[in-house]
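A.B. asks: just the structure for this:
(2 chains)
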Amino acid sequence: MLVLRRRAGESLMIGDNVEVEFLEINSQSVKIGIKAPKEISILRKELQVVQAQNRFAAQPVNLEKIAQSLENFKIDSSSAVLPR
Amino acid sequence: MPSLATKYFGTLPYEVGGRFRFPYGIPGYEEEHAFVLLDVEGNRPLLFLQSTAASELCFLAFPILVVDPEYELAVSFEDLCSLKLETERQPRIGAEVLVLALLTLQPGRPATANLMAPIVINLRTRRGLQAIRTDARYSHQHAIPGVPQEVAC
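C.D. replies: Coordinates of the predicted model:
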C-alpha cells in the first residue's frame, strides 16, 4: 500500500484522469472530493459489502426448516412492534 | 382489494397504503422502491420484507431487538435527513422507527443477521432505507446462535 501525507487543499492524481482533493480534515474524518470520468464507479466500501450481503440474503430459503428453529426465540412483545 | 404475488406465500391480498417506500431501494436492489412487511402466523418473530414489484425478491428479517435487545442505532446525518427524522438524536426503536435486521440463512453457512446495516423505516411517513453504519461496532454477519446451521436450510 502506498502511504502519502497530504494537507487540506492538496490533491493527488490516480492515473491521468482521476483527481482526489482533500477538502477538510479534522480529528474524526476527512472530507474528500473526487473528479473522475463518469464510467468510473465510486462506492463507499461498506456499501459494496452490504450489496453483496443483500444479494446473498435474497437467495431462496427452505422456510419449513427455518420455522422449526424459531421456537428458540423468546419474543419480547416490546421488541416486535409492528405497524398495522 | 389488490393482490400481491409473494415469493413464499403465493398471492396475498394487500392494501396499497400498507406499502413502505424505499426511495433509494436497497443496496444491490436499487430499482426496488416499494416493499410490504409480511407478518405470517406461525413464523414470528420472523418477518418477510417482500418487494411489491418483484415477487421473487423477499428478504427474511428479525426485529433488530430480537437479535440484540441492547442494540443501539447510529443512523447517519444523511440518512436521518432522508428519513425526515430529527437529526440531533437517534430515533426511538418501535416508537418512531421500525428497525429490522436482514437475515442470511443459506445452507452450509451459519445463520447470520446484518447488524451493520439495519433496515430503518420511519413509522410516520412509511419511508425506509438500509442505514449503513460507518463505525465498526456491529457486524454485517452477526451469528444467530438460535438458528443452528443444520436447520438453516
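A.B. asks: residue A:56 is in what secondary structure piece?
C.D. replies: Residue A:56 is part of helix A:45-57, with elements assigned from DSSP states H and E.
A.B. asks: return that helix as CSV; C-alpha atoms alone will do.
C.D. replies: What follows is helix A:45-57, C-alpha atoms only, in CSV (Å, rounded to 0.1, in the frame of the first residue of the first chain):
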residue,chain,number,x,y,z
LYS,A,45,-16.5,0.3,0.7
GLU,A,46,-19.2,-0.6,3.3
LEU,A,47,-21.9,-0.1,0.6
GLN,A,48,-20.2,-2.8,-1.5
VAL,A,49,-20.1,-5.2,1.5
VAL,A,50,-23.8,-4.6,2.1
GLN,A,51,-24.8,-5.1,-1.6
ALA,A,52,-23.0,-8.4,-1.6
GLN,A,53,-24.6,-9.5,1.7
ASN,A,54,-28.1,-8.5,0.4
ARG,A,55,-27.7,-10.5,-2.8
PHE,A,56,-26.7,-13.5,-0.7
ALA,A,57,-29.6,-12.9,1.8
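A.B. asks: pull out the buried residues from it.
C.D. replies: Using 16 or more other CB atoms under 10 Å in any protein chain shown as the burial criterion, the residues of helix A:45-57 that qualify are A:46, A:49, A:50, A:51, A:53, A:54, A:56, A:57. (C-beta placed from N, C-alpha, C; glycine too.)
A.B. asks: give me the pLDDT for the first one.
C.D. replies: Read that as residue A:46. We have a pLDDT of 89 for residue A:46.
A.B. asks: quick one: residues contacting residue B:48.
C.D. replies: Counting by CB atoms under 8 Å, 6 or more residues apart in numbering or on different chains, residue B:48 touches B:6, B:7, B:8, B:9, B:37, B:38, B:39, B:40, B:58, B:59, B:60, B:61.
A.B. asks: chain A next: which of those residues are close?
C.D. replies: Restricting these to those near chain A by CB under 8 Å from any CB of the partner chain leaves B:7, B:8, B:37, B:39, B:58, B:59, B:60.
A.B. asks: for the closest residue to the first one other than its chain neighbours, the count of nearby residues, please.
C.D. replies: In this case it means residue B:7. In space, and not counting its chain neighbours, residue B:7 is closest to residue B:58: 3.8 Å by CB to CB, 6 or more residues apart in numbering or on different chains. Neighbourhood size, residue B:58 [other CB atoms under 10 Å in any protein chain shown]: 21.
A.B. asks: the nearest residue to residue B:124 once chain neighbours are set aside: neighbour count?
C.D. replies: With sequence-adjacent residues excluded and distances taken as CB to CB, 6+ apart, residue B:124 is closest to residue B:96, at 7.2 Å. Neighbour count of residue B:96, defined by other CB under 10 Å: 17.
A.B. asks: make sure residue B:96 is actually in contact with residue B:125.
C.D. replies: No: the pair residue B:96 and residue B:125 does not pass the contact test of CB atoms under 8 Å, sitting 10.3 Å apart.
A.B. asks: please go through chain A and pick out the longest strand.
C.D. replies: strand A:18-25 (DSSP state E).
A.B. asks: repeat that for chain B.
C.D. replies: Under DSSP E, chain B gives strand B:97-104 as its longest strand.
A.B. asks: quick check, the helix or strand of chain A with the lowest mean pLDDT touching chain B?
C.D. replies: For chain A, counting by mean pLDDT, DSSP states H and E, helix A:63-69 ranks last in confidence among helices and strands (a mean of 75). Yes: applying CB under 8 Å from any CB, one finds helix A:63-69 touching chain B at A:63, A:65, A:66, A:67, A:68, A:69.
A.B. asks: any idea how far stretch B:27-43 is from the chain center?
C.D. replies: Distance of stretch B:27-43 from its chain centroid, counting by CA atoms, centre = their mean, to the nearest Å, is 7 Å.
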